[in-house]
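Q: Any chance you can model this:
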Amino acid sequence: MIPRAALLVSILQFALSSFAQGQGVQPRQQAGRVAVEPQVLEAGAKATLEKDTIRVMLPLSAVPDPGARVVVWLASPKDVRSGETVATVNTNGRAASAILPWPKDARGAREEDIGWYRVGYRVDLNETERSHGVLSVGAITANLMELRLAYPKLIAQGHALSARVIAVNPVTGKALPRVNLKATLSDDEDNSRKESFTRVATTRRDGEAILTFAPLGKPGNSLDLTVEGTLTGEGGALVRDSVNGDVEVMDLGSMHVEMDKPLHKPGETVHLRALAFIDGGRAAADKPVTVTVTDPDNKTLAKASLKSNRFGIVAYDWETTEQTATGDYEVKFDLDNVTGGGGDATQEVRIQRYELPEFSVMATPDRAFYLTGEEPKVVIHAGYLFGKPVAAGSVRLVRADDAEWNSKTGRYDEPKEVEDKAQLDANGDATVTLKVTDEFDQLKSDTWERFRDVKYRAMVTDATTGRTEPRNFAVRLTKEPVHIYLNPIGSSEREGEYLISTSFADGTPAPCRVTLDWMDAQSRATRAMTVKTNRYGLAKVTLHFPSKATGEENNRPNIRVTARDAEGRVSHFDDQLWTGASEGIWLSLAHTLMRPGEPIEGTIHARPGTSVDIDILSETAVVGHWQIRMSGEEQPFTIPTNPAFHELITLRGYNLRDEARERRWYGERDGTARSVLYPEDRSLSSGVKGLAASYAPGAKVSTCSKTVTNTAYG
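A: Residues are numbered from 1 along each chain as shown. Got it, this is the predicted structure:
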């Protein structure tokens, strides 16, 4: 009965207590006011960069009591605290504000990487910490800005320059609109002669702006490109950043020299003609040209000042004398007003006393190339120019590499050591066997050398006249019957695209069955893939790289490529691949040889979520721009045809929004480029009409000639 009575007493006490509370009777411990503990609403936190300070605003979940306070400080990436202060609660009590001093380095200068600092806070109530947190300065700052720039490293003289600028938050990668830009392009002349152009622009909603400059500079000049950006924040706070780069003006001038014949005797006139181009393909009309003739000892023999005609052609005749020494002379044509290597051209002129040969010599090896252990056999044939073989004669075989050119005699001095001798048979033939054992041993010891060409000279003497005629030839020694090349197209840290080329040692394509194996540190093979090269000896493959071994800083996978040709011969090639970065960008194209009007199709490889810019460049200008948002690691694209798509078109892919990189530009290691070719026939077609089958001596001949270009372009 005692337990039942105790239970009834407990129920009665609970009922009385509930009744008392319902009547407004409060417990003694809650007679006072309950203290409010505000929390910082981190999602609404903001920071504003000012000249020497950082203004922080932290929204609160409730109006704090007088006993509550919010303490704020800065923490460096190394977790060093600075500027701790008590925040001021605004009038409505729903936010706390603080002004923190801009941190400085050991030299007293402002820290540049402020975006990587953190704002720490602590909420105290009656001197007791109730909550705390850490916020990224870069994540909560609206006016943290970095400019990034994409521009061509090389431009042609006389062509405009286009640069793409984007303003972003370097921590979050968020684009910043309404940034005022001022860009200056100037040459590298001294101050008295310096030329420059200035452009202003404002970034769009996507944070980008295009800056276009008129042509500036001469070939060989280096142009300075500077872009300054200003962002006005809340309360008039100004943030500035700048980025710069160098642009080189290309020398597209070129000169081509022709000569009437390759060999001249003393006393003959050497007829030369040069065709000059400037500014990327225009004929150098009415331009001054200097012609200089130098002898084998580099002494100037003649110099003339000429002028090109309206087609950019200049002609020069160099008259030699009977006393002109034999040897190799140089005639140089130089455009006076064009700098760089494209403004001149040199033609070598050989002066040599010679007689027309009475017979010719041919050398025919029995194979196109030779593997270890094979002895080259070469048939030497001598025949008179009227077709009859040299039936009586001797052959002397020497190493052509041992011969030295004698500038005084205008001939090669014959090596004294004779490799082999033979006699011509009744058909004018002689077969010699070459001793190349030492060359094979040297080739085997050189790991970098795949093949070696051994050069010979066959000296054939006609027994009836005593005349000697030479013939140079070479035999190729090779380690492998098939030469394998693995050419990278593009890669990331995960996969890469490569072009496999298989060709016989003489250079002819070799269709093969090719296997690719990853090799570990213990030379154990793991099959990567198998592929067949086509009749051109080519195949395109995508390789998925093996995982990086523990402790390796760089992923340099070793691969062994094995090719088996139609005859069953096996060749090997070992290589160590370079992999790309995790954020690497690369392009693969469906076709690189295009038909007129055909769109450019391909696939871009990049990290998912990346925005990739693709600039389309002709040989002289940027003719288009595309921006692709990656939904996966591979994104197909199609670029419609454009009337400007002629000859060589280059696609340049890059990413200006990647927060992991600072700045990037064309010509550097960042980004990727692939080219396609729209071939066009620019040759001339000419015809003559009105010619009769025959004419009487002295008769008048009237004809009509017509010359047309095969394409409307150019």
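Q: Which parts of the chain are helices?
A: 2-22, 137-140, 437-445 (DSSP state H).
Q: I'd like to know which of the ones you listed has the weakest mean confidence.
A: Mean pLDDT values for the helices of the chain show the minimum at helix 2-22, a mean of 37.
Q: Grab the nearest non-local neighbour of residue 114.
A: residue 137 (5.9 Å; C-beta to C-beta, 6 or more residues apart in numbering). C-beta here means a position set from N, CA and C on the backbone, and glycine is covered the same way.
Q: scratch that, residue 178
A: residue 202 (6.1 Å).
Q: ditto for residue 616
A: Nearest one to residue 616, counting by C-beta to C-beta, 6+ apart, is residue 624 at 3.8 Å.
Q: close enough to count as contact, that neighbour and residue 640?
A: No: Residue 624 lies out of contact with residue 640 (C-beta atoms under 8 Å); the separation is 9.3 Å.
Q: Out of those two, name the residue with the larger neighbour count.
A: Just comparing residue 624 and residue 640: by other C-beta atoms under 10 Å the higher neighbour count belongs to residue 624, 17 against 9.
Q: how near is the more buried one to residue 652?
A: From residue 624 across to residue 652, the span is 11 Å (C-beta to C-beta, to the nearest Å).
Q: what sits in contact with each of these two?
A: Common neighbours of residue 624 and residue 652, using C-beta atoms under 8 Å, 6 or more residues apart in numbering, are residue 615.
Q: Let me see the contact set for the nearest residue to residue 304 once chain neighbours are set aside.
A: Excluding its sequence neighbours, the residue lying closest to residue 304 (C-beta to C-beta, 6+ apart) is residue 291, at 4.8 Å. Contacts for residue 291 were tallied using C-beta under 8 Å, 6+ apart; they are 302, 303, 304, 305, 306, 314, 316, 331, 332, 333, 334.
Q: Show me the domain layout of the chain.
A: Following the assignment in automatic domain parsing, the chain carries domains at 42-140, 146-250, 254-351, 359-478, 482-576.
Q: give me the low-pLDDT residue ranges for the stretch 1-150 of the chain?
A: Along the stretch 1-150 of the chain, the parts satisfying pLDDT under 70 run over 1-36.
Q: The stretch 601-714 of the chain too?
A: Where the stretch 601-714 of the chain drops to pLDDT under 70, the residues are 620, 658-670, 709-714.
Q: can the domains of the chain go into JSON lines with extra columns for distance to residue 656?
A: Shown next, in JSON lines, are those (distance: least, C-beta to C-beta, whole Å):
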{"stretch": "domain 42-140", "distance to residue 656": "17"}
{"stretch": "domain 146-250", "distance to residue 656": "4"}
{"stretch": "domain 254-351", "distance to residue 656": "28"}
{"stretch": "domain 359-478", "distance to residue 656": "40"}
{"stretch": "domain 482-576", "distance to residue 656": "18"}
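Q: Which of the ones you listed sits closest to residue 698?
A: Closest to residue 698 of these, according to C-beta to C-beta: domain 254-351, at 30.1 Å.
Q: what is the mean pLDDT for that closest one?
A: In the prediction, domain 254-351 has an average pLDDT of 89.
Q: And that domain, end to end?
A: Start-to-end span of domain 254-351 (C-alpha to C-alpha, to the nearest Å) is 27 Å.
Q: Show me how far it is from its chain's centre.
A: 35 Å (C-alpha atoms, centre = their mean, to the nearest Å).
Q: got it, and stretch 540-548?
A: 21 Å.
Q: for that stretch, which positions count as buried?
A: 541, 543, 545 (16 or more other C-beta atoms under 10 Å).
Q: Run a quick check on the second one versus residue 516, I expect a contact.
A: So the one you mean is residue 543. Yes: Residue 543 lies in contact with residue 516 (C-beta under 8 Å); the separation is 6.9 Å.
Q: any residues in contact with both of these two?
A: 528, 529, 559.
Q: List only those of those residues flagged as buried.
A: 528, 559.
Q: mind listing the strands for the stretch 201-350 of the chain?
A: If DSSP state E, counting those that start in this stretch is used as the criterion, the strands of the stretch 201-350 of the chain fall at 208-213, 222-232, 238-250, 254-259, 263-264, 269-278, 282-283, 288-294, 300-307, 313-319, 327-335, 344-351.
Q: so which of these gets nearest residue 188?
A: Per C-beta to C-beta, nearest to residue 188 of those: strand 222-232, 4.8 Å.
Q: for that closest one, what is the average pLDDT?
A: For strand 222-232, the mean confidence score works out to 89.
Q: Stretch 498-508 now?
A: 94.
Q: What of stretch 577-593?
A: Across stretch 577-593, pLDDT averages out at 82.
Q: Compute the first-to-last residue distance for that stretch.
A: By C-alpha to C-alpha, the extent of stretch 577-593 from end to end equals 27 Å.
Q: And stretch 624-642, by the same measure?
A: End to end - C-alpha to C-alpha - stretch 624-642 spans 9 Å.
Q: cool, stretch 523-537 as well?
A: Taking C-alpha to C-alpha as the criterion, the two ends of stretch 523-537 lie 28 Å apart.
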